[in-house]
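>>> no sequence on hand, only this structure:
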């Protein structure tokens, strides 16, 4: 893995760089992520907030309450609507990059699943991953599992 990761929206108006190693990568099966992704789950790559640099364009924001009751700002391209990032009011030092917007996703391997209680019945949940029926009270185990897998 390189020290800089790049990505952007579908129309190319917004481009970004991640200038640090990710902290974790997981899948979220909550109803909001299903709606947002138009799929069975959302993908979140957690990185240090100050490591994300928008190098082209400007995001628009929409704030909502998550199923956990916490506030999340959703950052997206105002032109094509691609969701790029989630900023959480309760964890301002990190940001979740919507991993499908990365230029290269071939290296991604999720370490966990959140909100398995609302996962689609046909989704296979691996017992080798960290799995939570709802929002975990502490994400440190997700960070530890990611670090363990990437120190080999």
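Perfect, I can see it now. Since the structure is predicted, the reported quantities are computational estimates derived from the model, not experimental observations. Numbering: from 1, shown residues only.
>>> where in the protein is the helix or strand with the lowest mean pLDDT?
Taking mean pLDDT, DSSP states H and E as the measure, the chain has helix 31-37 as its least confident helix or strand, at a mean of 85.
>>> give me the residues contacting the top helix by length along the chain.
In the chain, ranked by residue count with DSSP state H as the criterion, the top helix is helix 140-149. The contact list for helix 140-149 (Cβ atoms under 8 Å, 6 or more residues apart in numbering) reads 22-26, 46, 109, 111-112, 130, 136. C-beta here means a position set from N, CA and C on the backbone, and glycine is covered the same way.
>>> among those, which pair sits farthest apart?
Distance extremes for these: the farthest pair is 109 and 136 at 18.8 Å, using Cβ to Cβ.
>>> give me the low-pLDDT residue ranges for the protein?
For the chain, applying pLDDT under 70 flags the ranges 1-2, 67-68, 152.
>>> so which residue is dead centre in it?
Ranked by distance to the mean C-alpha position of the chain (Cα atoms, centre = their mean), the top residue is residue 44 at 1.5 Å.
>>> nearest residue to that one in space, please, no chain neighbours.
Spatially, and ignoring its direct neighbours in sequence, residue 44 is nearest to residue 96 (4.0 Å; Cβ to Cβ, 6 or more residues apart in numbering).
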